[in-house]
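J.: return atomic coordinates for the entry below.
(one chain, ligands or ions: 2)
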Amino acid sequence: MLFNSRYPALSPKLYHQQMPLPLIGAKAGHFNQVLAEELQWSAEEQAAWVEICSGQRTFSEFPPLAMVYAGHQFGQWAGQLGDGRGLLIAQILDKKQQTIDLHLKGAGQTPYSRMGDGRAVLRSVIREYLAGHALNALGIPSSNAVGFTSSTQGVQREKLELGAMLLRTSDCHIRLGHFEWINQYQADLLADFTQKCIEWHYPECLHAEQPILAFATQVVQRTAIMIAKWQLVGFAHGVMNTDNLNITGSTLDFGPYGFMERFRPNWINNHSDYQGRYTYQQQPSIGHWNLWIWLNNLMPLIPEGYEKEQWKEDLTACLSHYEPIFLEHYRLGLCQKMGLPDFHQESFDCGMLFLRILQSEQLDYTQSFIRLQNKEYQLLLDDCLDRRQFEQFLQQYQSIREHQDQAALDQAMQQANPRYILRNHMAQRAIELAERNDFSEVDRLFSLLSQPFTKQPVVERAEDLGPLPNDVPEVMVSCSS
Ligand code: AMP
Ligand code: MG
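T.: Residues are numbered from 1 along each chain as shown. Ligands and ions are numbered 1, 2, ... in the order given. Below you'll find the model as predicted:
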């Protein structure tokens, strides 16, 4: 590994140095060798992946540390939070010379653990491992993981489960909540910290007339784009608190996430989300709310010669980019998924009409787009109770496509409509087997999700392609992971 250890150069008030506490009986779960190669792990390091991914081996180049941050959880100020069960164990350069964090999740208690035990269970580790991999393969910026290890150590949740660790990679573990903590508890660090964030993550903004405004605008835009991409594949993050969104717009901390199956915009995946704050359809507006909270934390950074009111106005203006950027990306993406020309005025409305049919007929989001792409209109029609509605849609759809370059539109569709997503029941099956020490289903899903747009007849199972029958109860996902 090539180290670029930069977080430890910040004020020690922003973290706590400590070593991971390994679990009893640590053993291999799964290793992402392709990612390890991208991260320039040597052959020797790759051979030692189990020790590295179980906290048994750390690096003299980087003192493992828990970050402190704060946040708004479910809309309420939650005060100090921080890495309660994860440690940053390295910052290394990948093949593209980008600095990547290695964060070991489940590595034991820290001063920020509050009531928690500092551990992660195999169930949630597998869910995060597969979802990070799936999102990356779908072209959505996200944390990923080099590997995970299981153990023989019991960890108490609603029931006793197996402890596990995940070595997560991300381009950034600095959360919106970092700024909230600094403002609340250590305001003298705000200017330096912000400067470092710009240098590390948005160096192009250093040359702007007002680097902080340029930085804020970039964060707003990247977050809007990330959320547009979530919406397009039906991903629901599940716990979009301000401590779970980072400043580079790459998906992070998606514990109780879900990929939507039957199209239900108000679907709640996270059973701890009693009020439905983080449903699929709320995500765009919650992103906006979180950024608004964040921007307020940049208020004290008034540049010299600026009027306070003007600064407030200019910061607020950064947020005005959010909605148009989100809508533009969502609109373009939906047209592409539909195989409709984005310059045509009626394409977006036609896409929305299709979504309304999916909603009223409770059809599977992913499978329905694949059927549209394969021109399996009869299959779609046969699943509709309101046949007339679908026929009207189809007429409109075909008339828009009639005079277009259909081959080009079809090709674009193939790059926008995954055949495979990580359905809850797929993850669940892999987990149940892994809990019995059989990781073959994790292997299979890992391969399948590596190429979500490509049909893999040898690897796929019929169950991967659609939702469970309506009468089979859904797997609800809990926050306690
Ligand atoms: P989350 O919403 O899962 O990202 O977690 C919110 C906060 O709770 C973070 O500060 C976590 O580090 C902390 N946390 C979650 N689970 C545990 C645990 N088992 N032990 C200690 N801290 C935890
Ligand atoms: Mg979190």
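
J.: so what's whatever residue of the chain ends up closest to ligand 2 closest to, chain neighbours aside?
T.: Closest contact between the chain and ligand 2, by CB to the ion, is at residue 253 (3.7 Å). C-betas here are computed from N, CA, C, even on glycine. Closest residue to residue 253 apart from its sequence neighbours, by CB to CB, 6 or more residues apart in numbering: residue 244 at 3.8 Å.

J.: show me the contacts for the one you found.
T.: Residue 244 makes contact with 71, 175, 237, 252-254, according to CB atoms under 8 Å, 6 or more residues apart in numbering.

J.: and the pLDDT for the residue of the chain closest to ligand 2?
T.: Predicted confidence (pLDDT) for residue 253: 97.

J.: now the residue nearest to residue 253: how far from residue 16?
T.: Applying CB to CB, to the nearest Å, the value for residue 244 to residue 16 is 20 Å.

J.: give me the three-state assignment for the residue lying farthest from the centre of the chain.
T.: Residue distances from the centre of the chain (CA atoms, centre = their mean) peak at residue 305, which lies 39.4 Å from the mean C-alpha position. Local secondary structure at residue 305 is given as coil here, using DSSP: H, G, I helix; E, B strand; the rest coil.

J.: over to residue 145?
T.: Going by three-state DSSP: residue 145 is strand.

J.: what sits against it?
T.: With CB under 8 Å, 6+ apart, residue 145 has these contacts: 32, 35, 128-129, 132-133, 166-169.

J.: swap in residue 14?
T.: By CB under 8 Å, 6+ apart, residue 14 lies in contact with 67-68, 178, 182, 186, 189, 193.

J.: of those residues, which belong to helices?
T.: Using DSSP state H, the subset of the contacts of residue 14 located in helices is 178, 182, 193.

J.: so, in contact with ligand 1 or not, the biggest strand by length in the chain?
T.: With secondary structure taken from DSSP state E, the chain has its longest strand at strand 160-170. No - against ligand 1, strand 160-170 shows no contacts by CB under 6 Å from any ligand atom, the least distance being 10.1 Å.

J.: repeat for stretch 69-79
T.: No - using CB under 6 Å from any ligand atom, stretch 69-79 never reaches ligand 1; the gap is at least 6.9 Å.

J.: straight-line length of that stretch, end to end?
T.: 9 Å (CA to CA, to the nearest Å).

J.: which stretches of this protein form strands?
T.: 15-17, 27-31, 65-67, 70-73, 76-80, 86-93, 99-105, 120-121, 144-150, 154-156, 160-170, 235-236, 258-259.

J.: that older thread, near ligand 2, which of the ones in helices among the contacts of residue 14 show up?
T.: By CB under 5 Å from the ion, no member of those lies near ligand 2.

J.: ok, residue 194 touching residue 215?
T.: Yes - Residue 194 is within contact range of residue 215, at 7.4 Å (criterion: CB atoms under 8 Å).

J.: ok, now which ones touch residue 61?
T.: Listed by CB under 8 Å, 6+ apart, the contact set of residue 61 reads 1, 3, 5, 90.

J.: from these, which two are the most distant?
T.: Farthest pair in the contacts of residue 61 (CB to CB) is 1 and 5. Separation: 10.7 Å.

J.: which ones are touching the closest residue in space to residue 422 that isn't next to it in sequence?
T.: Excluding the flanking residues, the one nearest residue 422 by CB to CB, 6+ apart is residue 134, at 4.8 Å. Residues counted as contacts of residue 134 (CB under 8 Å, 6+ apart) are 259, 421-422, 449, 452.
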